[in-house]
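**Student:** predicted structure and sequence below. I'll ask about it afterward.
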Amino acid sequence: MQNPFSMEDRNILVTGAAQGIGREVARTIVGLGGRVAAVDMNGDGMKSLQDELGDSCMTYTGSVTEQSLIDGMVADMVKEWGWVHGLFNNAGIVRAAMIHKMERDIWDQVINVNLTGVYLTLHR
């Protein structure tokens, strides 16, 4: 019987993949036979993920708020693997503060990563 959770020949984009849930999802996808294009701001985390997953993984260091980065990732996936089959939108930041104490630039950072980043990856 074929594994019902098989990711064989599936190409998944994973955001926030340098650590925690995103990293484990990337590992799981590759472990189930899939390929991953992973992005995170943490360059060291991306390098270690690339070293660990090898040819089944493309890694990118940068922010999901950068349209050109997302466009490049998708283009690379299509060029190398032919298709994008799924997206695991995991990137997010927390800047905890009472709203009356939060500076506008902090608010913008949270909105840009947690909402605009999701929009950009889904919209592409």
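**Tutor:** Arrived safely. Since the model is a prediction, treat every value here as computed from it, not as a measurement.

**Student:** need the contact partners of the longest helix along the chain.
**Tutor:** Longest helix in the chain by number of residues (criterion: DSSP state H): helix 67-81. Contacts with helix 67-81, where a contact means CB atoms under 8 Å, 6 or more residues apart in numbering, come from 11, 13, 35, 37, 39, 58, 60, 62-64, 83-84, 120-121, 124. In this view, the C-beta of every residue, glycine as well, is placed from N, C-alpha and C.

**Student:** could you redo the last one with a cut-off of 10 Å?
**Tutor:** Helix 67-81 is contacted by residues 9-13, 15, 34-39, 55-56, 58-64, 66, 83-85, 87, 116-117, 120-124 when judged by CB atoms under 10 Å, 6 or more residues apart in numbering.

**Student:** what average pLDDT does that helix get?
**Tutor:** Averaging the model's pLDDT scores along helix 67-81 yields 97.

**Student:** quick one: Asn112 from Glu66, how far?
**Tutor:** The gap separating Asn112 from Glu66 is 10 Å, by CB to CB, to the nearest Å.
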